[in-house]
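1. this one's structure only:
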């Protein structure tokens, strides 16, 4: 266990060394949040609420969805793909740790770094620029962080799956790009799931994506109340468990038919 | 004439490399399409909850998006200079470019072109055709020429902004992340500018004139007469921004001293 915690620490320190890259990231996210802020204000026009969300909640939703993305987002799918391509993965496999577990921990180290140095100051800046409502209820905050943890897990699992696919596809940069677009759309980052037409919503209940962005953002904006919150978190936990199965299966399969393309 | 034949030679070389990795090319076009589909889905879903966006209907917004795709496709096929600083200045590639008897900017454009992005022109035209026929728009014979002028104007604005930013690399080779930021700001031009705050509208019109890539020229074809002034300014702005950028580039090249070997 201690070696995994060490990996989180090392990745965290590595990110800290290059922290200046992140100031511009905050600006980029603020620009995006701004674009959606104006768009949503225009969409609401004079309307009090759409699908149970007020303008203020919607602005908060957009802001928290983007800032949460800074935490759960990582490039471990690309890292795995590169390590498979240049053959490093063979060395990694004989090392005394679980390769996928190590990648997850590195992702977590990166995520924790961005949560502290990107999301928190970013949220502060965004709150100065746009009207955003923060919950005063400590329980909401607690549940939000629980939910955020699950969104990291689910997103990382999907990234692991995409990364492992390199074993079978050899070059999957297209798949990685496509996956990112699909996640932005179906996770609720761009649009709350409740805004979609009903048929699309029912399709999405069978997909793990809404566990990534929609659920934590709705908890933060208090769009979910009472038992809705617990059902939502249970759904996240469900996906976090279910996704372990395909990962393990593909990993076993991949190990059997590993072809090192050089190195 | 010489430059035209150079262009065709680069293009044929490029096509050869792309045809070697066919699957990769197809996947790239497909993921571009997917990305465009996401933006369309966003518009469609949003208009499930509102009839008008600051007085613009769903089809009009879709039309603007379709128009935006055409100059943007031209820009992203030929002006991939967002990593100019890393690729040419820091790595010293600029020295190689400068030893050749062709304008340096032209060479870099040729080396970095990605012709498959031109597929976006088709997507844009299809989207505009769909939205245009839903709106019952009519086109006169001269509209084709106006369309070409507006598209070039829009592409030149994008190109001008990015070339100017790349030229900064001649004076300072420190890493900046302004370029990716510009891509995000560019997205503001896809929606009617009247939804933004006054300051942002001013910036989008005169300082980083991304509004001339989407909403202003599209307003001409949508017969929105209140925007005609801005619509016809599009080619003018394009020329101004591109000329400024080339001037900046040329004076940058004069200052260029290389990053050592």
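-> Structure received. Worth saying up front: this structure is predicted, and the values here are computed from it rather than measured.

2. show me where the stretch 1-150 of chain A has its helices.
-> Ranges of helices within the stretch 1-150 of chain A are A:2-17, A:20-44, A:55-72, A:76-85, A:88-94, A:99-114, A:120-129, A:138-164, based on DSSP state H, counting those that start in this stretch.

3. again with chain B
-> In chain B, the helices defined using DSSP state H lie at B:2-20, B:22-46, B:58-78, B:84, B:93-98, B:104-111, B:119-135, B:143-171, B:178-186, B:198-202, B:215-221, B:228-255.

4. residues touching the closest residue to residue A:157 other than its chain neighbours, list them.
-> Leaving aside its sequence neighbours, residue A:157 sits nearest to residue A:243 (CB to CB, 6 or more residues apart in numbering or on different chains; 4.1 Å). Placement of C-beta: from N, CA and C, glycine included. Residue A:243 makes contacts with A:154, A:157-158, A:161, A:208, as judged by CB atoms under 8 Å, 6 or more residues apart in numbering or on different chains.

5. highest neighbour count among those?
-> residue A:154 (26 neighbours; other CB atoms under 10 Å in any protein chain shown).

6. circling back: lowest-confidence stretch among the helices of chain B?
-> In terms of average pLDDT, helix B:178-186 trails the rest of the helices of chain B, at a mean of 81.

7. which residues touch that helix?
-> Here helix B:178-186 has contacts from A:24, A:27-28, A:31-32, A:35, B:72, B:82-83, B:158, B:161-162, B:165-166, B:168, B:208, B:210, B:213, using CB under 8 Å, 6+ apart.

8. list buried residues within these.
-> Listed as buried from these are A:27-28, A:31-32, A:35, B:72, B:82, B:158, B:161-162, B:165-166, B:168, B:208, B:210, B:213; burial here means 16 or more other CB atoms under 10 Å in any protein chain shown.

9. tally of neighbours for the residue of chain B found nearest chain A?
-> With CB to the nearest CB as the measure, residue B:27 is the residue of chain B nearest to chain A, at 3.0 Å. Each residue near residue B:27 was counted by other CB under 10 Å, and the total is 19.

10. apart from its neighbours in sequence, what residue is nearest it?
-> The nearest residue in space to residue B:27 (CB to CB, 6+ apart) is residue A:174, at 3.0 Å.

11. now do the helix or strand harbouring the one you found: everything it contacts.
-> Using DSSP states H and E, residue A:174 sits in helix A:173-186. Here helix A:173-186 makes contact (CB under 8 Å, 6+ apart) with A:77-78, A:81, A:155, A:158, A:162, A:165, A:169, A:189-191, A:204, A:207, A:209-210, A:212, B:24, B:27-28, B:30-31, B:34-35, B:38, B:41-42.

12. residue A:108 and residue B:142: what is the separation?
-> Distance of residue A:108 to residue B:142, given as CB to CB, to the nearest Å: 60 Å.

13. more neighbours: those two, which one.
-> Between residue A:108 and residue B:142, residue A:108 has the larger neighbour count (other CB under 10 Å), namely 22 against 8.

14. burial check on the closest residue to the more buried one other than its chain neighbours, number of neighbours?
-> The spatial neighbour of residue A:108 that comes closest, neighbours along the chain excluded (CB to CB, 6+ apart), is residue A:8 at 5.4 Å. Residues lying near residue A:8 (other CB under 10 Å) number 19.
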